[in-house]
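**Student:** Provided below are the primary sequence and the corresponding predicted coordinates.
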Amino acid sequence: MKPSNLRALVAREAARLLYYRLATEYKFAKLKAARELGVSVLPSNREVADELDALASLLEGESRIKRLVQMRREALALMETISEFNPKLIGSVWRGTVRIGSDIDIIVYSRSPSAVIEKLKRTGYRVVHVESKVKAGKELEGKKVYLHIYVELKSGNRAEIVVRSPEDQDVKEICDIYGDVIEGLTIDELRRVLAEDPTRRFIPQR
């Protein structure tokens, strides 16, 4: 079989593992898929992402589109609540690739993570977990520790809010899946998307 066909098979299996939460990281999903298929070739993260996107659309149909719009509206409401921390929407809700089990991913900037938590609680949001995680990468000049705040919404959807230092606000990160700069959406930008094209996707052309 041609290497390109093998890559496609591995990408499809890796996507299946990710969709059914049998793997949580692209790297491990690809390695597990290749091992199960008895091959050594590995697809790119983008190839796996495209297969995952296709699988989600096949299995979820129109409900996937409705979920995207709902989660973007929920993201806007949440971001407006914590607007003083300059929130930015990233992840699958920004991209337009949400699927069952997706979270709303938001970055905020503050020297006081406790102030973010307090604002969330004071305005009725349910904070279910808080933990510190190490972020490594060239764009962030080595390892940095950020606080992750996990919020459960009334709809049952979840949000993960990462608190970063205000000094990191102009830092540009490269997406390890699509290879582009993670631009995200500000409050005004998200509001405009919902008004003009609520299902718009932010995925670079191949």
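**Tutor:** Nice, I can see it. Computed from a prediction, not measured in an experiment: that's the story for all the values here.
**Student:** using the three-state scheme, assign V98.
**Tutor:** Assigned by DSSP: H, G, I helix; E, B strand; the rest coil, the conformation of V98 is coil.
**Student:** equivalent analysis for D170, please.
**Tutor:** coil.
**Student:** distance check, it against S40.
**Tutor:** Separation of D170 from S40 (CB to CB, to the nearest Å): 41 Å. Bear in mind the C-beta positions are built from the backbone N, C-alpha and C, glycine included.
**Student:** these two touch, right, V93 and L78?
**Tutor:** No. Using CB atoms under 8 Å, V93 makes no contact with L78, being 10.6 Å away.
**Student:** the more surrounded of those two?
**Tutor:** Higher neighbour count among V93 and L78: V93, with 26 against 21, using other CB atoms under 10 Å.
**Student:** which of D170 and S40 has more neighbours?
**Tutor:** Shown here are D170 and S40; by other CB under 10 Å, S40 has more neighbours (9 against 6).
**Student:** other residues contacting the longest helix seen in the chain?
**Tutor:** The longest helix of the chain (DSSP state H) is helix 62-81. Residues outside helix 62-81 that contact it (CB atoms under 8 Å, 6 or more residues apart in numbering) are 56-57, 60, 87, 89, 93, 96, 98-100, 102, 104, 106, 119-120, 123, 125, 151, 153, 155, 157, 159, 187, 190-191, 193-194, 198-199.
**Student:** got the buried residues for the following helix or strand past it?
**Tutor:** With elements assigned by DSSP states H and E, the helix or strand that comes after helix 62-81 is strand 88-90. Within strand 88-90, the residues that count as buried by 16 or more other CB atoms under 10 Å are 88-90.
**Student:** turn the residues you listed into a markdown table, columns for distance to Y20.
**Tutor:** Converted to a markdown table, the buried residues of strand 88-90 look like this (distance: CB to CB, whole Å):
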| residue | distance to Y20 |
| --- | --- |
| K88 | 30 |
| L89 | 26 |
| I90 | 24 |
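**Student:** just these now: which is nearest N5?
**Tutor:** Distance to N5, by CB to CB, is smallest for I90 among these, at 33.6 Å.
**Student:** from I65, how far off is the closest one?
**Tutor:** 20 Å.
**Student:** how does the chain divide into domains?
**Tutor:** Following automatic domain parsing, one gets these domains for the chain: 3-60, 63-196.
**Student:** make TSV from those domains and add distance to I203 and mean pLDDT to it.
**Tutor:** Converted to TSV, the domains of the chain look like this (distance: least, CB to CB, whole Å; pLDDT from 0 to 100):
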stretch	distance to I203	mean pLDDT
domain 3-60	8	96
domain 63-196	6	94
